[in-house]
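Engineer: generate coordinates for the sequence data below:
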Amino acid sequence: MKSTDRLALALGVAMTLATLTLFELTSDRGMLFVVVPVIAVIMAISALSRRFGITSWLIHLWQLLVLVGIGLGLGLGANPESGNWLSQLWQLYLEGLLHIQTSSAPMSPSPGVRWLLVLLVGLITIIADILVISLATPAWSLAPLLTLYAIPALALPSDVSWRTFVPLALAYLVVMATDSLNQLAGWTRNLAEDNAARSHSQSGIWRMATVVGVPAIALSLLLGAVLPALGSLDIDSKRPRGSGPIQLQDPTVELNRNLAQQSERVVVTYRTTSQTGEYLRMTALPVMDRSGWKLTTMDLRQGSSPGRPSGTSASSPTVTSEITTGDFSSQYLPVPYAPTDVTVEGPWGYDPRTLTMVSTADNNSTATRNITYRVTSVPNTPDPAAFSQARAGTPPDSAITKALPSDVPQEIIELTAEVTKDAPTDVLKAAAIQDFLRDPRQFQYSTQAPAGDGYEVMSNFLLRDKAGYCIHFASAMALMARIEGIPSRVAVGFLPGTQEGDTWQVQAKNMHAWPELFFEGFGWVRFEPTSAVADAPEWTVTSGDVDPSPSASQSASPSATSSSNTAEIPTAGPSIDMGDDPLPTEGGGFPWRQVLTGLGILAAVLAVAAVPGLARMLVRRRRFGESVTDPHEQVAAAWAELRDTFWDARERWPSGSPRERAAVLSMGLSENSTAAIGRLADAVERSRYARALGSVPQGLVDDVRTVSSELRLRQTRAGQFAMKWAPASLWRNLMAHFGR
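Structural biologist: Presented below is the predicted three-dimensional model:
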């Protein structure tokens, strides 16, 4: 085994061991079954390429291209059919980033997080290969290994367990021991083998590792346990548009807790110019997959005044509310929808797509405790007659809010079609879905969640148990709306509460979730499928036969936030385009996604198929390159190239002396080729047996090219193609190397 083979194998083992440190952050043990093959492929490229003398920069370029291909495959396979391939990968990145931001360690499994970690480990493996093998500095393998260790060490608020350090230390010892083995194996006193020294040195390496490495690991663990911690290292900027993300909390956690406890503790009081009270909306969940509804990365902008929504005139009526919070902690500010101006102390930012107000203070998790603020909002209360004819619109983030996963259960799709079959317009389809869910003969309100995981919960809620609380009603309607092609999201906030005089009181149990649907000319519109806690908005009641339900002001159960959005969002200030899909994927448009995916697969196949031919070209260039200055090496390289050319032409390379081989090879060839082979054989004999070769024989390269040209001309077109792109000599030399 060559020294580079040993180092490549050792480095693959070391990176696998170092990857174990990431399990302090994630509970996704299945990630290892993806990471290990990626590391193996990258290091196999390194080992095999170096056997053929391929230059280092090309090796690392191939490794990077392979990693990109793996990333595309994993990314497109993680969430198929959710937009064009670029938006799909971007959405997966955002989901992974959001999961990291909103989850505590160890994080639950997430396709986005797994994708990001696999790409990270692959990239660090390539860097480690550059340091250890290309630059011949094995000691610097500590840098990439420590990079993986530093991720949990810096990210976790508590000290990293000593068990995390052990694989890292073992990984470094494996690399250093292999390097020592290579150095000692290379000292053979110019003999082919030095068995005595070899057996002694190999045993000495492992004794050295035991004597030096084990005490070093033990001392490191001891010092890590007794020395004081350096404290947390906050490397995230808390400012909108800053250098780091704000850690967004999952609002459904607080929702589930308040609904389970049914606490009557008053958490918010407010006065408003509205006669019916206000839904106090905190945020919206626009991302939907088999695990439920989730947040997406927000494009926060500094300030607390989103401004009047686009599409509304200066004469549009506004509502003014003065809100006071009590013992209620959140980073999301409860506000009536849609807020145009918010007067509140402290640093705040807003997301122009969801109009969510988020605290950007260092202690943002408690930003809403015991504060008073004033909100001016523009309600979205469509005229029922005009609204009933509206069509589903296309919001700026339609790639997210309109995406329907391909694995939605067929039984839910069939149920939706049955519910909406008689509705002629998109709004009436939404109203039919709302009426279906509000029917007390069909569904019952319960604070007990339906059994199951993933889509099983929704299937049980809609088709079997038919009981749940607001998040299940809202999620069901939002999902069924997307099945009908209507953009949707789930909002989380508070019901208007109970009015006492001119003050409204909101209890913890009034926390609620509801769906928001997007329609052309009307924007995001609130619906209410949970009949047990609130009336349906008047603009959503189209049949007149919806059973009456308790008014929002008398509700003691969770409720929803007002979702009055207009057709467009504010456009002031810079933003990151997260939703526009520049490549149409539906509605009869050109199938860009399928074409690009096919082209990408074709390009990957062609790239892989071209590797043998490119490698053969590089071998030929290296043999005839200016770096080969020794006459003996030049002769040997020319003879080896002649042999490989015959192999590539699927011709036999005979045994015997150079002169005997030349006689056999010349049979059937022209006089020019026969003479060229004779000159090459004569040069080989003089190089091997003469006392001095003297000057380099002239015309060696030309002689090889003369023979190669004739062999190529004797081939069919298929044979010529095979000689160039499927060279048999590459595999023969590979087998010869492994046979040593």
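Engineer: if I look at Asp383, how far off is Gly521?
Structural biologist: In this structure, Asp383 and Gly521 are separated by 11 Å, where distance is defined by Cβ to Cβ, to the nearest Å. All C-beta spots, glycine's among them, are computed from the backbone N, C-alpha and C.
Engineer: actually, Leu355.
Structural biologist: Taking Cβ to Cβ as the criterion, Leu355 is separated from Gly521 by 18 Å.
Engineer: the more surrounded of these two?
Structural biologist: When neighbours are counted by other Cβ atoms under 10 Å, Leu355 and Gly521 differ, and Leu355 comes out ahead with 24 against 14.
Engineer: list phi and psi for that one.
Structural biologist: The main-chain torsion angles of Leu355 are listed as degrees, to the nearest 10 and equal phi 50, psi 40.
Engineer: verify the stated contact: it with Ser304.
Structural biologist: No - in this structure, Leu355 sits apart from Ser304 without contact. The criterion is Cβ atoms under 8 Å, and the distance is 11.5 Å.
Engineer: where exactly do the helices run in the stretch 1-150 of the chain?
Structural biologist: For the stretch 1-150 of the chain, applying DSSP state H, counting those that start in this stretch gives helices covering 3-19, 32-51, 56-78, 85-102, 111-129, 142-155.
Engineer: tell me the helices and strands packed up against the shortest one.
Structural biologist: If contacts are counted by 3 or more Cβ pairs under 8 Å, 6 or more residues apart in numbering; DSSP states H and E, helix 142-155 sits against helix 3-19, helix 111-129, helix 162-185.
Engineer: tell me which of those helices approaches Ala640 most closely.
Structural biologist: Checking those against Ala640 by Cβ to Cβ gives helix 3-19 as the closest, at 20.0 Å.
Engineer: quickly note the distance from the nearest residue to Ser729 once chain neighbours are set aside to Arg620.
Structural biologist: Distance criterion Cβ to Cβ, 6 or more residues apart in numbering; nearest residue to Ser729, sequence neighbours excluded, is Asp644 at 3.5 Å. Noted for Asp644: a distance of 8 Å to Arg620, by Cβ to Cβ.
Engineer: the residue nearest to Ser729 - how many residues pack around it?
Structural biologist: Asp644 sits with 23 neighbouring residues when counted by other Cβ under 10 Å.
Engineer: how about Asp362?
Structural biologist: Here the neighbour count serves as a burial measure; for Asp362 (other Cβ under 10 Å) it reads 10.
Engineer: can I assume it sits in a helix?
Structural biologist: No - Asp362 sits outside any helix when classified using DSSP: H, G, I helix; E, B strand; the rest coil, being coil.
Engineer: show the pLDDT at it.
Structural biologist: Asp362 carries a pLDDT value of 72.
Engineer: phi, psi of it?
Structural biologist: Here is the backbone geometry of Asp362 (degrees, to the nearest 10): phi -60, psi -40.
Engineer: show the model's pLDDT score for the nearest residue to Lys509 once chain neighbours are set aside.
Structural biologist: Closest residue to Lys509 apart from its sequence neighbours, by Cβ to Cβ, 6+ apart: Gln262 at 4.8 Å. Looking at Gln262, its pLDDT reads 73.
Engineer: now do the strands in the stretch 251-400 of the chain.
Structural biologist: 266-272, 280-285, 287-289, 292-294, 301-302, 319-325, 339-343, 348-351, 356-359, 372-377 (DSSP state E, counting those that start in this stretch).
Engineer: neighbouring strands of the fifth one in the sheet, and parallel or not?
Structural biologist: Applying DSSP bridges to the sheet, strand 301-302 is found paired with strand 348-351 (antiparallel).
Engineer: what's Asp648 sitting at in phi/psi?
Structural biologist: For Asp648, the backbone dihedrals are phi -60, psi -30 (criterion: degrees, to the nearest 10).
Engineer: count the residues that sit near it.
Structural biologist: Residues contacting Asp648 under the criterion other Cβ under 10 Å number 23.
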